[in-house]
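Engineer: Here you go, sequence then predicted model.
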Protein chains: 2
Amino acid sequence: MTLTGNLIIGASSRHGANGSFQAVAASSGREMEPSFGGASPADLDEACGLAEAAFRPYRAAAPEARAAFLEEIAGNILELGDELVLRCMEESGLPRGRVEGERGRTVGQLRLFAEVVRKGAYLDRRHDEALPDRQPAPRPDLKLTHLPLGPVAVFGASNFPLAFSVAGGDTASALAAGCPVIVKAHSAHPGTSELVGRAVQKAVADCAMPEGTFSLLFAAGRSIGEALVADPRIKAVGFTGSRQGGVALMAIAARREVPIPVYAEMSSINPVILFPGALAERGEAIGKAFIASLTLGAGQFCTNPGLILAVEGAGLDGFVMGAKAALGEAAAQTMLTPGIHRAYCSGIEALEGNPKAQKLAEGLAGEEHQGRAALFSTLGADFLAEESLADEVFGPSSLLVRCRNEAELRKVVDHLEGQLTIAIHIAEGDIDAARALMPVLEEKAGRILANGFGTGVEVAHAMVHGGPYPATSDGRSTSVGTLAIARFLRPVSYQDLPDALSDETWCLGR
Amino acid sequence: MTLTGNLIIGASSRHGANGSFQAVAASSGREMEPSFGGASPADLDEACGLAEAAFRPYRAAAPEARAAFLEEIAGNILELGDELVLRCMEESGLPRGRVEGERGRTVGQLRLFAEVVRKGAYLDRRHDEALPDRQPAPRPDLKLTHLPLGPVAVFGASNFPLAFSVAGGDTASALAAGCPVIVKAHSAHPGTSELVGRAVQKAVADCAMPEGTFSLLFAAGRSIGEALVADPRIKAVGFTGSRQGGVALMAIAARREVPIPVYAEMSSINPVILFPGALAERGEAIGKAFIASLTLGAGQFCTNPGLILAVEGAGLDGFVMGAKAALGEAAAQTMLTPGIHRAYCSGIEALEGNPKAQKLAEGLAGEEHQGRAALFSTLGADFLAEESLADEVFGPSSLLVRCRNEAELRKVVDHLEGQLTIAIHIAEGDIDAARALMPVLEEKAGRILANGFGTGVEVAHAMVHGGPYPATSDGRSTSVGTLAIARFLRPVSYQDLPDALSDETWCLGR
């Protein structure tokens, strides 16, 4: 398949004329062919019009048809074969194993949502039967189901060019819910986006879904993405990216004549709390495992462990020893984009220049465009005093906060903003202390995990990839796992509807 | 029990010193004793501090304890006996039957949420068991449950001084979810509010709940309510009132450093669509039933039928005849407050002065402070052309939109904003036409009902009292029925937590 650099607007494909850009190979920095044409306001208008027109017929499609459509997308993505893998590797700098794994995750996610649609439990259907003889007044027949919100805007994420991009978790859950999707492609992987977009477009046609069910827009600047969120035909937004970007979209959505929900997964430093018993028992091993998590995917996971909290002591020294040893062997890795690499280097420089932070160790040096892993250390009191130490440094860098005692560690935990994940490392003897900390952890994070690290987010029924602000814009939601579909639904109640009407609505759960 | 005019701040009771106000008897306009002292910023700060301190212990209470607490509140409200009924009647102008009915609803609502808490299904607990042998990587054990958001601010509504006020639906569902509540009392019924507030305060003490579980603030102006929404310790807001009021709270919540959800039930004209077959079969009877719904509670229901849509014809003439006849016998009724009465009169005057609207009939004249029911008529084309005709007139007034044909009626329906309810009146022969309209009704309203009127909102599992903006600020929610609890919850996932910790969290579902 030859890449065209074209926009996908419903069933059509054409080159955008509103500026253009090219992908940049992550490892070499060279510009890649072809040139991608940016969408104009007219292109956006057409995509929104098609999405609006598609909404009713798409949501009315039988569950089996919608499920088959999701599976068709999955099949089409696999059929792209190595062309997709190679383009994605080149654009993102991610190694083959990771890209293939991510493709498997993307396909698995689509298939899991197909199963969710078939089962229908996500509709939370409820029926209160009529009580015609109730006193003082009869009760009507009431049926409740959930309906899709309408067309959804999805912003592709740089760090998951497949699993959180064109046909990733946001798109899969929105389509599963019955919402047409317009994707604003991330400029870091436009070729990957086009390939996957065409796989979706083909599935729309082959499954006879309304053409506006899916569109894919490229944009040379920010204005088209902002206009997409502001368009009255868009009813919800899915976004994974920076805090600044997410907050900007929230503001646009709140200013609309009719405000809409924005599900933005933004910023998290994913604290890891090392308890004394665990440190005494296996501090060095935890240090090694930590570095493996820190450097996974060049540290470019939303759930990367950016903060380690522990009380000073021999156990912690063991952890540091293990971490240093592992870090000393950690190869530098190509980062997703030159921009991300620059931001990472700035973050490292800021820590290096901060008298309150000491560099404990760093990974192997690499080529100029690669991210070199680093571990810094600070004191609990300094961390509490200096807000900038809690800023996310996107990449393979982490900060160890050495606390004087349990009370200081508790203060540091209380001080944290909302997080996607908090990990605790515990041994038998730590249970009471961990239990005492659980309530605050529950209030700070969407996922709490023991004796592991947050990298590796299962696509499962019981997964929450969310968390209180600023981890996400809306802590009531998850963007990974089957519960993600709930973001794009609203309840509706039918009262005393005759069977001839309620068969069409409630029972089919459109 | 002697009314004190005191604020309730946790376990304490004291007179606010930030201005004062008195209730006004709805039927006489006279000021009633005692004087209610307004809360100061320091009072607010204390209530928020107590609520924050109460959150962890309150949410950790066993389900049975929380359920018993809700039932204790219900029992305490009933024990207030006629004192509550009489005060509420005098403050609101509502007749005894309605006040007693509303008390029953309030108590029933609390007991229903007790049952919901005991059953625990609302937690949507999910468990993905570990798959240690899975290739290429093992799956961890994942458990998901839902946790309460934190302290909730509730604004009492003028039109349901019991069921949507101090211990009404918002408070009951928030307490059931595990959230402490701070109520900002509505100034139209402060005595009713104090009595119910003390019933809740007593239940907090008798059930040994943390004292900050509940506070009740009176305020002489708007600033304390606004400061309550802006306070960082408040994590969600429940509101029933005007569009202007709801939109103002949404703006405050969006501007916070950490934005929070606002559940505002605001504005709805609850269209009623009369189909030709139903009109031909029983137009006159529908007209009579319509007037009964229109004038219920002086038209002061959120679900009051403010708009009638039908195609011109003999059947519609029958409806008008029935409505006119019933309206001619409809007594004027005391409205909730002088302010609401004034606003109603202004709305009527605006329609009277609008050349596009004709007054078809009105109810019996009453005393000066009473609301006289009225039915106006306009043409479909005029309704489409003039936005102000779709404005809510809070009270027993409705507008009949006469459409030239089915196509024009469809245009009018397409033109509608979001609604709490849309009712359709249909006969056998109308089914196909109604089915064709269902998708747009589903997109416009939270509840669709056949052959009835939206007044009378069942507290049930399958009820939705919500709807797309501007009916509510958040169309993904309901403020009536058991699903209302979902507004105050967020999902959290536990990964590989040892039983010693997960027993405490997941299984108890705190």
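Structural biologist: In hand now; what should we look at? Residues are numbered from 1 along each chain as shown, chains lettered A, B, ... in the order given.

Engineer: Going by C-alpha atoms from here, please, whenever you check contacts or count neighbours.
Structural biologist: OK.

Engineer: Pick out the residue of the stretch 201-350 of chain A closest to chain B.
Structural biologist: A:V258 (6.3 Å; CA to the nearest CA).

Engineer: repeat for the stretch 51-200 of chain A
Structural biologist: Closest point on the stretch 51-200 of chain A to chain B, by CA to the nearest CA, is A:L144, at 4.7 Å.

Engineer: Can you show me the helices along the stretch 351-500 of chain A?
Structural biologist: A:380-385, A:406-415, A:431-444, A:499-502 (DSSP state H, counting those that start in this stretch).

Engineer: rank the ones you listed by pLDDT, which is bottom?
Structural biologist: Lowest mean pLDDT of the helices of the stretch 351-500 of chain A: helix A:499-502, a mean of 84.

Engineer: Contacts for that helix next, please.
Structural biologist: Helix A:499-502 has contacts (CA atoms under 8 Å, 6 or more residues apart in numbering or on different chains) with A:Y494, B:I431, B:A434, B:R435.

Engineer: go again using 7 Å as the cut-off
Structural biologist: B:R435 (CA atoms under 7 Å, 6 or more residues apart in numbering or on different chains).

Engineer: next one: stretch A:411-423
Structural biologist: Here stretch A:411-423 has contacts from A:268-273, A:303, A:380, A:384, A:440-441, A:444-450, A:452-454, A:465-471, using CA under 7 Å, 6+ apart.

Engineer: What of stretch A:122-142?
Structural biologist: A:116, A:143-146, A:493-496, B:460-463.

Engineer: so who does A:G37 touch?
Structural biologist: Here A:G37 is in contact with A:G5, A:N6, A:H15, A:G16, A:A17, A:N18, A:G19, A:S20, A:F21, A:F218 (CA under 7 Å, 6+ apart).

Engineer: Local confidence estimate at it?
Structural biologist: The per-residue pLDDT of A:G37 was computed as 98.

Engineer: tell me which residues form a beta bridge with it?
Structural biologist: With DSSP bridges as the criterion, A:G37 is bridged to A:S20.

Engineer: circling back to that earlier point, I'd like the mean pLDDT over the one helix or strand the residue of the stretch 51-200 of chain A closest to chain B maps to, please.
Structural biologist: Assigned by DSSP states H and E, A:L144 falls within strand A:142-148. Average pLDDT, strand A:142-148: 96.

Engineer: Report the inter-axis angle for it versus helix B:431-444.
Structural biologist: Here the directions of strand A:142-148 and helix B:431-444 differ by 60 degrees (axes from the mean of the first three to the mean of the last three CA atoms, to 10 degrees).

Engineer: Just after strand A:142-148, pick out the following helix or strand.
Structural biologist: Next element after strand A:142-148 (DSSP H and E): strand A:152-155.

Engineer: can you list contacts of that next one?
Structural biologist: A:170-171, A:174, A:179-186, A:228-229, A:234-240.

Engineer: Give the burial count for A:L400, as a bare number.
Structural biologist: If you count neighbours by other CA atoms under 10 Å in any protein chain shown, A:L400 ends up with 25.

Engineer: Send over stretch A:369-387 as PDB, restricted to the C-alpha atoms.
Structural biologist: C-alpha atoms of stretch A:369-387 as PDB (Å, rounded to 0.1, in the frame of the first residue of the first chain):
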ATOM      1  CA  HIS A 369      18.900  11.700  19.700                       C
ATOM      2  CA  GLN A 370      18.600   8.900  22.300                       C
ATOM      3  CA  GLY A 371      17.400   9.300  25.800                       C
ATOM      4  CA  ARG A 372      19.800   8.400  28.500                       C
ATOM      5  CA  ALA A 373      18.200   7.100  31.600                       C
ATOM      6  CA  ALA A 374      18.800   8.800  34.900                       C
ATOM      7  CA  LEU A 375      18.100   8.500  38.600                       C
ATOM      8  CA  PHE A 376      18.100  11.500  40.900                       C
ATOM      9  CA  SER A 377      17.700  11.800  44.600                       C
ATOM     10  CA  THR A 378      16.300  14.400  47.000                       C
ATOM     11  CA  LEU A 379      15.300  14.700  50.600                       C
ATOM     12  CA  GLY A 380      11.700  14.500  51.800                       C
ATOM     13  CA  ALA A 381      11.800  18.000  53.200                       C
ATOM     14  CA  ASP A 382      13.200  19.400  50.000                       C
ATOM     15  CA  PHE A 383      10.500  17.600  47.900                       C
ATOM     16  CA  LEU A 384       7.800  19.100  50.100                       C
ATOM     17  CA  ALA A 385       9.300  22.600  49.800                       C
ATOM     18  CA  GLU A 386       9.900  22.700  46.100                       C
ATOM     19  CA  GLU A 387       7.000  22.100  43.800                       C
END
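
Engineer: Name the residues of that stretch that are buried.
Structural biologist: Of all the residues in stretch A:369-387, those buried under the rule 16 or more other CA atoms under 10 Å in any protein chain shown are A:369-384.

Engineer: Show me which residues of chain A sit near chain B.
Structural biologist: Counting by CA under 7 Å from any CA of the partner chain, chain A comes close to chain B at A:56, A:126-128, A:142-144, A:258, A:435, A:439, A:446-450, A:460-464, A:469, A:475-477, A:489-497, A:501.

Engineer: Pull out the buried residues from those residues.
Structural biologist: A:56, A:126-128, A:142-144, A:258, A:439, A:446-450, A:460-464, A:469, A:475-477, A:489-497, A:501.

Engineer: if you look at those residues, which of them are in strands?
Structural biologist: Members of these lying in strands (criterion: DSSP state E): A:126-128, A:142-144, A:446-450, A:489-495.

Engineer: pLDDT on stretch A:361-370, on average?
Structural biologist: On average, stretch A:361-370 scores 94.

Engineer: avg pLDDT for the longest helix that chain A contains?
Structural biologist: Counting by DSSP state H, the longest helix found in chain A is helix A:96-119. In this model, helix A:96-119 has an average pLDDT of 97.

Engineer: Equivalent analysis for stretch A:51-68, please.
Structural biologist: Rounded mean pLDDT across stretch A:51-68 is 97.

Engineer: With stretch A:202-212 instead?
Structural biologist: On average, stretch A:202-212 scores 98.

Engineer: Ok, stretch A:293-307 next?
Structural biologist: Rounded mean pLDDT across stretch A:293-307 is 96.

Engineer: Kindly report the same for stretch A:330-341.
Structural biologist: pLDDT averaged over stretch A:330-341 gives 95.

Engineer: List the buried residues for that stretch?
Structural biologist: By neighbour count with 16+ other CA under 10 Å, stretch A:330-341 contains the buried residues A:A330, A:A331, A:A332, A:Q333, A:T334, A:M335, A:L336, A:T337, A:P338, A:I340, A:H341.

Engineer: possible to save those residues as JSON lines with secondary structure and distance to B:Q358?
Structural biologist: Below are those laid out as JSON lines (DSSP: H, G, I helix; E, B strand; the rest coil; distance: CA to CA, whole Å):
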{"residue": "A:A330", "secondary structure": "coil", "distance to B:Q358": "81"}
{"residue": "A:A331", "secondary structure": "coil", "distance to B:Q358": "81"}
{"residue": "A:A332", "secondary structure": "coil", "distance to B:Q358": "78"}
{"residue": "A:Q333", "secondary structure": "strand", "distance to B:Q358": "76"}
{"residue": "A:T334", "secondary structure": "strand", "distance to B:Q358": "73"}
{"residue": "A:M335", "secondary structure": "coil", "distance to B:Q358": "70"}
{"residue": "A:L336", "secondary structure": "coil", "distance to B:Q358": "67"}
{"residue": "A:T337", "secondary structure": "coil", "distance to B:Q358": "66"}
{"residue": "A:P338", "secondary structure": "helix", "distance to B:Q358": "68"}
{"residue": "A:I340", "secondary structure": "helix", "distance to B:Q358": "65"}
{"residue": "A:H341", "secondary structure": "helix", "distance to B:Q358": "69"}
